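**Q** sequence first, then the predicted structure, then my questions.
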Amino acid sequence: MDLGDPVELERRREESRSAAFEALRRFICASGGVSSMLDGWTTSAEVRRAGDSAGHVDVYFHAPDGRRFRSRLEVARFFELAPHAEQPAWDSRPVGSRSGRRNGDARPKRQLDADAVV
């Protein structure tokens, strides 16, 4: 991706905003809410331009009163909903299409060697 191309940046932002809002709608419904709870909500997106994560798009959800939320889980908590256990808030892919680690399959923490300098 050419981070200097404004047309490409806007395309990425819009694509990410649209996908994130649809994922939020599905997440809210799966958590016991209804789509109409999101009436008046908007999204914004920023493309990271530097560092190891350059090109990554950060999406934010905005409530009608102006409050900003960084994740679907934050929005569900705002509505006092119980997030659906089958789909973690951080994963936008439909349940069943994920691969790799599942929620709760954390990597084991490294054990410190008894002789290691801390």
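**A** Yep, that arrived.

**Q** need phi/psi at R13.
**A** Per-residue torsions, R13: phi -60, psi -50 (degrees, to the nearest 10).

**Q** how near is it to R26?
**A** Per C-beta to C-beta, to the nearest Å, R13 is found 21 Å from R26. C-betas here are computed from N, CA, C, even on glycine.

**Q** and the strands in this protein, which stretches?
**A** 42-47, 57-62, 68-69 (DSSP state E).

**Q** in its sheet, what does the last one sit against?
**A** The sheet places strand 68-69 alongside strand 57-62 (antiparallel), with pairing taken from DSSP bridges.

**Q** any residues touching the partner strand, and which ones?
**A** Contacts with strand 57-62, where a contact means C-beta atoms under 8 Å, 6 or more residues apart in numbering, come from 12-13, 16-17, 20-21, 24, 41-48, 68-70, 72, 74-75.

**Q** nearest spatial neighbour of V59, skipping sequence neighbours?
**A** Nearest residue to V59, sequence neighbours excluded (C-beta to C-beta, 6 or more residues apart in numbering): A20, at 4.1 Å.
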